[in-house]
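>>> Based on what follows, work out the 3D shape:
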Amino acid sequence: MRINLEGLVDQCHSRYHLRLLFPDSPFILQFDCGKNLYGISISSKGCTVLDELDRDAHFVIEGMEETVISLLMGEERLSQLIEDGSLEVRGGYRPLLFVESVLWLTRSREKEPVEV
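Take a look at the predicted model:
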């Protein structure tokens, strides 16, 4: 899980155009996978994986670790996983839109062959 979060943070840093979406003060995104809690901080000043979650999160995603990894890998959209009951979220509508945008725009894209 930590590797996937570090990959997300790397994608946030490598796609500099996304920084325009990021807030100035850190936005704390927490992943609650039952016994394990993970978090990342997203801001225009930089993104990091949080070792300790000492602040209240702005948005929380709850679910099984395999489902969260699928989300982080870009295999599924957050709204689809919420709709089918695989994940639950806590937070407002605007943070939901922000998180879904960040997760979707930072997914790793494999080149697909073009057929003519």
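
>>> Which residue, other than its chain neighbours, is closest to Arg19?
Ser44 (5.2 Å; Cβ to Cβ, 6 or more residues apart in numbering). Placement of C-beta: from N, CA and C, glycine included.

>>> Around that neighbour, how many other residues sit close by?
Other residues near Ser44 come to 15 when the count uses other Cβ atoms under 10 Å.

>>> Ok, Leu97 next?
When neighbours are counted by other Cβ under 10 Å, Leu97 comes out with 12.

>>> and it, what pLDDT?
Here the pLDDT value assigned to Leu97 is 95.

>>> Please give the element, helix or strand, for it.
helix 93-105 (DSSP states H and E).

>>> what residues does that helix touch?
By Cβ atoms under 8 Å, 6 or more residues apart in numbering, the surrounding residues in contact with helix 93-105 are 8, 12, 15, 18, 21, 27, 29, 42, 58-59, 61, 71-72, 74, 77-79, 89, 91.

>>> if you set the cut-off to 10 Å instead, what comes out?
8, 11-12, 15, 17-18, 21-23, 27, 29, 40, 42, 47, 57-61, 71-74, 76-80, 82, 89-92 (Cβ atoms under 10 Å, 6 or more residues apart in numbering).

>>> helix or strand right after the lowest-mean-pLDDT helix or strand in the chain?
Lowest on mean pLDDT, DSSP states H and E among the helices and strands of the chain sits helix 2-14, with a mean of 91. Using DSSP H and E, the helix or strand that directly follows helix 2-14 along the chain is strand 27-33.

>>> Using CSV, write out the CA atom coordinates for that following strand.
What follows is strand 27-33, C-alpha atoms only, in CSV (Å, rounded to 0.1, in the frame of the first residue of the first chain):
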residue,chain,number,x,y,z
PHE,A,27,-5.2,18.8,2.1
ILE,A,28,-5.1,15.6,4.2
LEU,A,29,-6.5,12.5,2.5
GLN,A,30,-6.8,9.4,4.7
PHE,A,31,-7.3,5.8,3.7
ASP,A,32,-8.9,3.6,6.3
CYS,A,33,-8.3,-0.1,5.5
